[in-house]
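J.: A predicted structure for the sequence below; I have some questions about it.
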Amino acid sequence: MILILAADDDLEQSVREAVGDVVQVQTAPLDRGLAAASSAVEVVVIDGAYEPEKAFTVAQRFDEERPEVTVVLHMEPTGEAFGRAMQVGVRDILPFGADGDRIRESVKRALELAERRSHSMRSADNPQDQHRLIMVLSPKGGAGKTTISSNLAVGLAMRAPKQVVLVDGDLQFGDVGNALRLLAETSIRDAIAGGLHDATEVKVHLTPHRSGLFALCAPEVPGVADEITAQAFSKAVTLLHQEFKYVVVDTDPGLGERTLTVMDHATDLVFVAATDVASVRGLHKTIDALDRIGMTGAQRHFVLNRSNAKVGLDVADIAATIGMEPDVLVPSHVSLPVSMNQGVPVIEGGESSPAASPLWELVSRFEADPNATAEQAAAAQRRNTGLFGRR
Ligand SMILES: Nc1ncnc2c1ncn2[C@@H]1O[C@H](COP(=O)(O)OP(=O)(O)OP(=O)(O)O)[C@@H](O)[C@H]1O
Ligand SMILES: [Mg+2]
């Protein structure tokens, strides 16, 4: 059910026209706030047309008291409004005068998200439902996917040994094997040749890494990539996802068929972009394309790589263009290429690189630091929520 908190029925009319009779829609005065929301409410649309301050306050109450409800704000989507909305866990801002398509899309996404959230709350006790399938993506080559994914996977494995697999999804030019100095005797090609009847057939083709991580390496010969269909690749990854707490997939640039097929099952998408205009625009287009095709199920994380680059856009411009604040800022530093060439990710080598701390921040979004205090863990959890970033 959709609850609209507004001074009049105008918004209700537009929402009804957009969603039809399939979803129940009700309006209550903004003043009633949380009290107007019965347990059947899945989505609340808060009208900020007359009293924007009150709209933010009510959104915050929902965030604190009814986290399973998805909140959409109706207001002018300025940079400031986005920033504040993000802080109070708002999912979307519906601009004034939005047409039927825009309203339908926003409400549909909000309902889907509410359904997933209540599902994840119901199944919180079921460990298998907590397994994460994390895809590391960027539209542009060379943005740092392999660097980020190998550090993320090794960091996760250091906290959850034997429970993490890194899949090299760059089947043509994959270099996960080099990044981790692995002597892979077998690859995803052999795993698929086995027929993919069960997870064991894939598990025997994993290569162990000293950190406690397993890797499913790309074939040695680039031409072999063409033999591996999107369906076979996706099946191999999902079999691993059933067995392992974390599966991290390094991808090739862009949104190829293999990447999109696996994405249907992903729980998390880690977007990697650098600060140059092409990288940022490319990511904006990618996110837009994913929204359009309804790939909105996974939690999104944004890593800004080479964040301190002298040339390029600043962080505020990037957040405004993409509509999403960077979650983690990884500085440009020589230790990253050096570590990659040596096959020892910086995260393994202690705190000597300025990139180590942000990379651990990324790891902590998934697996908390066992030595962190309760306050630090709560702060990390808070950072992990907000506009587009919460399930
Ligand atoms: N923050 C950084 N500072 C300095 N160098 C970096 C940083 N991040 C990545 N690099 C270097 O940039 C190059 C490209 O990074 P990487 O291979 O991780 O990108 P990629 O997105 O996987 O590329 P491809 O699209 O080719 O797979 C590598 O040499 C890497 O060491
Ligand atoms: Mg790569």
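T.: Perfect, I can see it now. Ligands and ions are numbered 1, 2, ... in the order given.

J.: quick check, pLDDT for the closest residue to residue 89 other than its chain neighbours.
T.: Nearest non-adjacent residue to residue 89, counting by CB to CB, 6 or more residues apart in numbering: residue 63, 3.7 Å away. Bear in mind the C-beta positions are built from the backbone N, C-alpha and C, glycine included. Per-residue confidence at residue 63 stands at 90 (pLDDT).

J.: and the helix or strand hosting residue 63, what does it pack against?
T.: Using DSSP states H and E, residue 63 maps to helix 52-65. Helix 52-65 sits against strand 43-47, strand 70-74, helix 79-87, with contacts defined as 3 or more CB pairs under 8 Å, 6 or more residues apart in numbering; DSSP states H and E.

J.: strands along the stretch 1-150 of the chain, start to end?
T.: Residue ranges of the strands in the stretch 1-150 of the chain, as given by DSSP state E, counting those that start in this stretch, are 2-5, 25-28, 43-47, 70-74, 92-94, 132-137.

J.: among these, which comes closest to ligand 1?
T.: In terms of CB to the nearest ligand atom, the element of those nearest to ligand 1 is strand 132-137, at 8.3 Å.

J.: domain ranges for the protein?
T.: Split into domains by automatic domain parsing, the chain comes to 2-125, 131-388.

J.: what mean pLDDT does the longest one get?
T.: Across domain 131-388, pLDDT averages out at 91.

J.: before we move on, the earlier item: can you list the helices and strands packed on helix 52-65 in JSON lines and add mean pLDDT?
T.: JSON lines is the format used below for those (pLDDT from 0 to 100):
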{"stretch": "strand 43-47", "mean pLDDT": "96"}
{"stretch": "strand 70-74", "mean pLDDT": "95"}
{"stretch": "helix 79-87", "mean pLDDT": "89"}
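
J.: check contacts around residue 238.
T.: Contact analysis of residue 238 by CB atoms under 8 Å, 6 or more residues apart in numbering lists 133, 262, 265.

J.: would you mind checking these for buried ones?
T.: A residue is treated as buried here by neighbour count (16 or more other CB atoms under 10 Å); on that basis the buried members of the contacts of residue 238 are 133, 262.

J.: okay, now the closest residue to residue 58 other than its chain neighbours: neighbour count?
T.: The shortest distance from residue 58 to any residue that is not its chain neighbour, by CB to CB, 6+ apart, is 4.6 Å, and that residue is residue 33. Residue 33 is flanked by 19 other residues according to other CB atoms under 10 Å.

J.: thinking again about what came up before, mind giving me CSV with the helices and strands packed on helix 52-65 and columns for distance to ligand 1 and mean neighbour count?
T.: Shown next, in CSV, are these (distance: least, CB to the nearest ligand atom, whole Å; neighbours: other CB atoms under 10 Å):
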stretch, distance to ligand 1, mean neighbour count
strand 43-47, 36, 26
strand 70-74, 32, 26
helix 79-87, 25, 17
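
J.: so what's the closest residue to residue 352 other than its chain neighbours up against?
T.: Using CB to CB, 6+ apart and skipping the chain neighbours, the partner closest in space to residue 352 is residue 335 (7.3 Å). In this structure, residue 335 makes contact with 346, 352-355, judged by CB under 8 Å, 6+ apart.
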